[in-house]
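> here is my input; please provide its structure:
(2 chains)
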Amino acid sequence: MKAETEADKRSAVKPVITGSEAVIRSLIAEGVDTIFGYPGGAIMPIYDALYDFQDQVHHILVRHEQGATHAAQGYSRASGKVGVAFATSGPGATNLVTGLADAYMDSTPLVCITGQVAASLLGTDAFQETDVIGITMPITKWNIQVTRQEDIPAAIAKAFYIARSGRPGPVLVDITKNAQVGTFEFEYNKCEFIRSYQPVPELDKEAVTAAAALINSAKKPYIFCGHGVLLAGAENELIALAEKAQIPVASTLLGLSAVPVDHPLYGGLLGMHGNYAPNMLTCECDVVIAVGMRFDDRVTGDVSTFISQAKVIHIEIDAAEINKIIHADVAIHADAKEALTALNQLIMPAKHDAWLEEFRFGHKKEYDKVQHRELYPESGEIKMAETVRLLSEKTNGEAILVTDVGQHQMIASRYYRFKNPNTNITSGGMGTMGFSIPAAMGAKMGAPDKQVVAVVGDGCFQMTLQELGTIYQSQIGVKIVILNNNFLGMVRQWQQLFFDKRYSSTEMVNPDFIQIAKGFFIPGKKVTAREDLAAAIDEMLAHDGAYLLEVVVEKEDNVFPMVPAGTPVSTIRLE
Amino acid sequence: MQKEYTVTVYTEDRIGITNRITIIFTRRGINITSLTTAETEIPGVYKFVITVMSTREKLDKVVGQIERLIEIHRAFVHEEDEVVYQELALYKISTKALHTAGDVERLIRENNARILTITADYFVIEKTGHQQELIDFIKKLEPYGLIEYTKSGRVAIVKWSRRFHEHLKELDKTVASY
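Sure thing, here's the model as predicted:
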């Protein structure tokens, strides 16, 4: 058989297909094999087309569209691929909003496809019509409405290019029903260039030289590792920089897992409930190398005092983040991997033993005052931290840890000993309660060979527990650990500390979670006694398939250390 | 310090681009006092000229967030003395004034205004200038029976620009994506 020439390809007859089939074929061309979604009137033609591609695309029917977005987020964060979600018009589309906003804040690449009423009905308040483009404009990296079938391939190509390039983010493509059913000659070309968009800026070599000079002359240099390090796949380059000049590294919440927790230069977690030493020592460092992070207020506390004594090198791919919160003495607007690779060539080997000793000293203080009693209690109710410690030990720090939002999230982030990159999946910027169950589902789909454990509070669990139905139907083997204190724990902690213990609407009267899981045919166990905890975790991890473990924990436990909101980081409290 | 700034934005020709730009001001509670947009010398590339009362610090961040949008080419913030700008106003006046008040003609000459059209009932004067001059002119015309006044937003050219036209022409060699 004669090899196909370029000319043959050009002259080849293009298939005439519907817009709906074009959607599916375009997704397949982008390498999509998993979609999370929920059908409805305005997207039915696309679901109909999907029916013919079940051998190539696995559609996970979620129980609520919010779950589809969080699942797509979890999938993306675990696999490094773009997460894809489908929803219908109107309420289907508006239910995507929380997940889109979450993905936008946490730089997660998603392509969400929504059905829309026919173009002739746009603007007429037709049944299930909503202006999803207007609604999602501020919470997507890009969005577009497609009203003609022939525009579908280009729109989807552009959507994927934008979602995954530069600083990743969610994109929404809204397709009117007439475009889904109309036919045209299909051809797919990947998008590789948009003239008004420069995803990867050119590296400024002078800035790198200036940064190297600052680092080489620093007495107390300090690396902040953000999510951008993971997104750029720059973990090794970051560790190489740290090792070459013996620089301590602290992580933001979303930067967790980029540097193994047991690495000798790993200094701990920054932020409101981060570790004592890395927070306090922000007040003493002389040069900060902030990589792929955006100085969230949960990290900085009072901005005017934060690292005010230090020179700041900010390596960041999104120009809008540079000088947004903290003035950068040297700004390197670049991809983290490219910038660190160049920087490492100019860094002189150095030692900072006394400086590193300050971290060890701070750690000891935190360990003695907080961690020891949290991790190894001998009496009283079960503590969240000891549960996470056991989980960490029994998974060897190698599970993908998906956390929800609140006390349990902070505890899990503090005490899980991450070994491998991209094993921490949490809702950071948005702090979306209800994130973890659907996100864990997605993570398991994205990394089926890994143990995926969701750690969730009793409040968060009840925000998206309907996804247990999805877990059952699609047989997704996630492990769920509910740390149940029968409170909205973090809000209660603030009420205790800052609102005179006026526990306004934070106590939960909870259902029987094990019975609920049983209703979804998911086995589970409730643990109230310390002596049963280890065996219960073993049983959960050994179970082949989804499992729910409810751990009843100390009702009024608090997360410390804590930097009260808006105060200088130096006011960090250990109790 | 809060004062008037001119923000210029070069964009692709896309549905909703105005909305994308303005919500960034909205988020920070900045009121847009005027907004003018039109196609540049390059087909498919638009220029927005936006005036706002704000601070330089805030606007530098706003401009960064505007530039981050996919379909924005560039965005700039300018101090008052960095731009040459004009606004245009139209004034509709009862034709009776032409008969009763002989100094309308003098007023038009002295204020560098011109008459655009005259009908039996009214005539329309056009004047360009800065906002305050255009407003001051209202007061001068009021005695003659001002029927309607309207003013455009700002058009502005940057004093320090060097090769802007060349840059835009280079854009013209590329194709706007879908």
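
> ok now stretch A:244-257, how far from the chain's centre?
In terms of C-alpha atoms, centre = their mean, to the nearest Å, the centre of stretch A:244-257 is found 17 Å from the chain centre.

> same deal with stretch A:99-109?
Distance of stretch A:99-109 from its chain centroid, counting by C-alpha atoms, centre = their mean, is 8 Å.

> repeat for stretch A:162-179
Distance, centroid of stretch A:162-179 to centroid of chain: 18 Å (C-alpha atoms, centre = their mean).

> just the buried residues of that stretch, please?
A:162-179 (16 or more other C-beta atoms under 10 Å in any protein chain shown). To be clear about C-beta, it is placed using only N, CA and C from the backbone, and glycine gets the same treatment.

> same question for stretch A:564-574.
A:568-569, A:572.

> quick one: average pLDDT of it?
Stretch A:564-574 comes out with an average pLDDT of 95.

> returning to what we had before: adding secondary structure and distance to B:Ala89, write the buried residues of stretch A:564-574 out as JSON lines.
Output for these, formatted as JSON lines (DSSP: H, G, I helix; E, B strand; the rest coil; distance: C-beta to C-beta, whole Å):
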{"residue": "A:Pro568", "secondary structure": "coil", "distance to B:Ala89": "52"}
{"residue": "A:Val569", "secondary structure": "helix", "distance to B:Ala89": "54"}
{"residue": "A:Ile572", "secondary structure": "coil", "distance to B:Ala89": "59"}
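
> looking at the stretch 1-150 of chain A, which residue is nearest chain B?
Going by C-beta to the nearest C-beta, chain B is nearest to A:Trp142 of the stretch 1-150 of chain A, at 4.6 Å.

> dump the residue contacts of that residue.
A:Trp142 is in contact with A:158-159, A:162, A:169, A:171, B:70-71, counting by C-beta atoms under 8 Å, 6 or more residues apart in numbering or on different chains.

> low-confidence ranges in chain B?
Scanning chain B for pLDDT under 70 picks out B:100-102.

> repeat the analysis, applying 50 as the threshold.
Within chain B, no stretch has pLDDT under 50.

> and for the residue of the stretch 201-350 of chain A found nearest chain B, the neighbour number?
Closest to chain B within the stretch 201-350 of chain A is A:Ala320: 3.9 Å, counting by C-beta to the nearest C-beta. The number of residues packed near A:Ala320 is 19, by other C-beta atoms under 10 Å in any protein chain shown.

> I'd assumed B:Val62 was in contact with it.
No. Using C-beta atoms under 8 Å, A:Ala320 and B:Val62 do not qualify as a contacting pair, with a distance of 9.5 Å.

> near chain B, which residues of the stretch 51-200 of chain A? Just list them.
Contact residues, the stretch 51-200 of chain A versus chain B (C-beta under 8 Å from any C-beta of the partner chain): A:133-134, A:137-138, A:141-142, A:145, A:151, A:154-155, A:157-158, A:162, A:191, A:193-197.

> if you set the cut-off to 6 Å instead, what comes out?
Where the stretch 51-200 of chain A comes near chain B, counting by C-beta under 6 Å from any C-beta of the partner chain, the residues are A:137-138, A:142, A:154, A:158, A:162, A:194-197.

> out of those residues, which are buried?
By neighbour count, with 16+ other C-beta under 10 Å, these hold A:137, A:142, A:154, A:158, A:162, A:194-197 as buried.

> which two among those are spaced furthest apart?
Greatest spacing in those, by C-beta to C-beta: A:Met137 and A:Arg195 (21.2 Å).

> the domain parsing of chain B - what is it?
Split into domains by automatic domain parsing, chain B comes to B:3-83+B:158-172, B:84-155.

> roughly how far apart are A:Val481 and A:Asp544?
Separation of A:Val481 from A:Asp544 (C-beta to C-beta, to the nearest Å): 17 Å.

> wait, I meant B:Glu87
In terms of C-beta to C-beta, B:Glu87 sits 73 Å off from A:Asp544.

> what about these two, which has more around it?
Per other C-beta under 10 Å, whichever of B:Glu87 and A:Asp544 has more neighbours is B:Glu87, with 20 against 6.

> and the more buried one, bridged to which residues?
B:Gly129, B:Arg154 (DSSP bridges).

> now the one 4 residues further on
B:Tyr91 has these beta-bridge partners by DSSP bridges: B:Ile125, B:Tyr149.

> what is the neighbour count of it?
Using other C-beta under 10 Å, B:Tyr91 has 25 other residues around it.

> report the contact partners of it.
Taking C-beta atoms under 6 Å, 6 or more residues apart in numbering or on different chains, we find B:Tyr91 in contact with B:125, B:141, B:149.

> of the residues you listed, closest to chain A?
Checking those against chain A by C-beta to the nearest C-beta gives B:Tyr149 as the nearest, at 32.5 Å.

> report the secondary structure state of A:Ser379.
Under DSSP: H, G, I helix; E, B strand; the rest coil, the three-state class of A:Ser379 is coil.

> still on that earlier bit, buried subset of the contacts of B:Tyr91?
The buried subset of these (16+ other C-beta under 10 Å) comprises B:125, B:141, B:149.

> which non-adjacent residue is nearest the second one?
Nearest residue to B:Leu141, sequence neighbours excluded (C-beta to C-beta, 6 or more residues apart in numbering or on different chains): B:Tyr91, at 5.5 Å.

> looking at the residues of the stretch 51-200 of chain A next to chain B, spot the one nearest chain B.
Ranking those by separation from chain B, with C-beta to the nearest C-beta as the measure, puts A:Ala154 on top at 3.5 Å.

> for the closest one, what is the enclosing helix or strand?
In this structure, A:Ala154 sits in helix A:152-164 according to DSSP states H and E.

> what helices or strands is that helix leaning on?
Judged by 3 or more C-beta pairs under 6 Å, 6 or more residues apart in numbering or on different chains; DSSP states H and E, helix A:152-164 is in contact with helix A:19-29, strand A:110-116, strand A:142-146, strand A:170-176.

> 10 Å instead, please
In terms of contacts (3 or more C-beta pairs under 10 Å, 6 or more residues apart in numbering or on different chains; DSSP states H and E), helix A:152-164 is packed against helix A:19-29, strand A:83-87, strand A:110-116, strand A:142-146, strand A:170-176, helix A:177-181.

> show me what contacts the residue nearest to the spatial centre of chain B?
Nearest to the geometric centre of chain B sits B:Arg154, at 1.6 Å (C-alpha atoms, centre = their mean). By C-beta atoms under 10 Å, 6 or more residues apart in numbering or on different chains, B:Arg154 lies in contact with B:4, B:6, B:8, B:33-36, B:49-51, B:83, B:85-88, B:130-131.

> just put the domains of chain B in CSV and tack on distance to A:Ser89.
Shown next, in CSV, are these (distance: least, C-beta to C-beta, whole Å):
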stretch, distance to A:Ser89
domain B:3-83+B:158-172, 18
domain B:84-155, 36
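
> please consider this matter closed, and thank you.
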